[in-house]
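*Asks:* Predicted model follows, preceded by the sequence.
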Amino acid sequence: MEDPLRRIRALHTASTITVYQAYSREIGLPAVRDGRFPAAWKPDRMTWIKPSFMWMMYRSGWGTKEGQETVLAVEITRDGFDWALRNACLSNYVRGLHSDRSTWQRDLKRAPARAQWDPERDLHLRPLLHRSLQLGLSGEASSRYADEWIVSINDVTPLANEIHALVRNGELDSATGLLPQEQGYPAGEELLAHLCS
């Protein structure tokens, strides 16, 4: 069956969803140790969360880019994630979805979360036809994320390294077998209608 163009694919349970971020060791390692972000993490800056493991691998270069050497799997509450979806604005203007450009710009400026759909990636980090969600959290959303939504923070850098090594060796089946088993996230139409063109 063909994948829909836009769908949130993620590891999730009845009450949580796992999102990915990559940070320097100075931020990532204390976050794993303490189960919360350290003081060096700036809540006033926009922070982007990604439900797609492979999109995080693309963005961080398998955890090799400077300042992104520690790849975190952050398990957060679905209530929090759904709040972010409800309060998000698309990061790009879409004629027909938005009433006009100036209204969209006003909504984007006010929204505590912004959403964008980027091409999902394969094991070689090449773009696929379907798209994965990224959520940018700022202001209230960023504070809620750090202070209320986090259930656990795990370091998945070793997993990223292991999968990357298998890909480099051409062992794609073994690499695929280690990927997180992401499923379609059950976001109802009311959560995504304002985010899908």
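*Replies:* Sure thing, it's come through.
*Asks:* Start and end of stretch 144-153, how far apart?
*Replies:* Stretch 144-153 has an end-to-end distance of 15 Å (C-alpha to C-alpha, to the nearest Å).
*Asks:* Tell me the buried residues in that stretch?
*Replies:* By neighbour count with 16 or more other C-beta atoms under 10 Å, stretch 144-153 contains the buried residues Arg144, Tyr145, Ala146, Trp149, Ile150, Ile153. Every C-beta, even on glycine, is put in place using the N, C-alpha and C of the backbone.
*Asks:* and it, what's its mean pLDDT?
*Replies:* Mean pLDDT, computed over stretch 144-153, is 97.
*Asks:* what does that stretch contact?
*Replies:* Stretch 144-153 is contacted from outside by 16, 31-32, 35-37, 41, 43, 47, 49, 72-77, 79-81, 83-84, 137, using C-beta atoms under 8 Å, 6 or more residues apart in numbering.
*Asks:* Just flag the most distant two among the buried residues of stretch 144-153.
*Replies:* Spatially, the most separated pair among those is Arg144 and Ile153, at 15.7 Å (C-beta to C-beta).
*Asks:* Tell me which stretches of the chain form helices.
*Replies:* Taking DSSP state H to define them, one finds helices in the chain at 25-34, 53-60, 78-86, 101-110, 139-144, 157-168, 172-178, 189-192.
*Asks:* Just the pLDDT for Leu195.
*Replies:* For Leu195, the pLDDT comes out at 86.
*Asks:* quick one on the thing from earlier: of the contacts of stretch 144-153, keep whichever come out buried.
*Replies:* Here, 16+ other C-beta under 10 Å leaves 16, 31-32, 37, 41, 47, 49, 72-77, 80-81, 83-84, 137 buried among the contacts of stretch 144-153.
*Asks:* most tightly surrounded among the helices of the chain?
*Replies:* helix 53-60 (a mean of 23; mean count of other C-beta atoms under 10 Å).
*Asks:* Quick check: longest strand in this structure by residues?
*Replies:* Criterion DSSP state E: the longest strand present in the chain is strand 127-137.
*Asks:* how far is it from where the chain is centred?
*Replies:* Mean-position distance between strand 127-137 and its chain equals 8 Å (C-alpha atoms, centre = their mean, to the nearest Å).
*Asks:* angle of that strand against helix 53-60?
*Replies:* Counting by axes from the mean of the first three to the mean of the last three C-alpha atoms, to 10 degrees, strand 127-137 lies at 80 degrees to helix 53-60.
*Asks:* any idea of the mean pLDDT in strand 127-137?
*Replies:* Mean per-residue pLDDT for strand 127-137: 94.
*Asks:* buried residues in it?
*Replies:* For strand 127-137, burial by neighbour count (16+ other C-beta under 10 Å) applies to Arg131, Ser132, Leu133, Gln134, Leu135, Gly136, Leu137.
*Asks:* and which of those residues is nearest Tyr185?
*Replies:* Nearest member of the buried residues of strand 127-137 to Tyr185, counting by C-beta to C-beta, is Leu133, at 8.6 Å.
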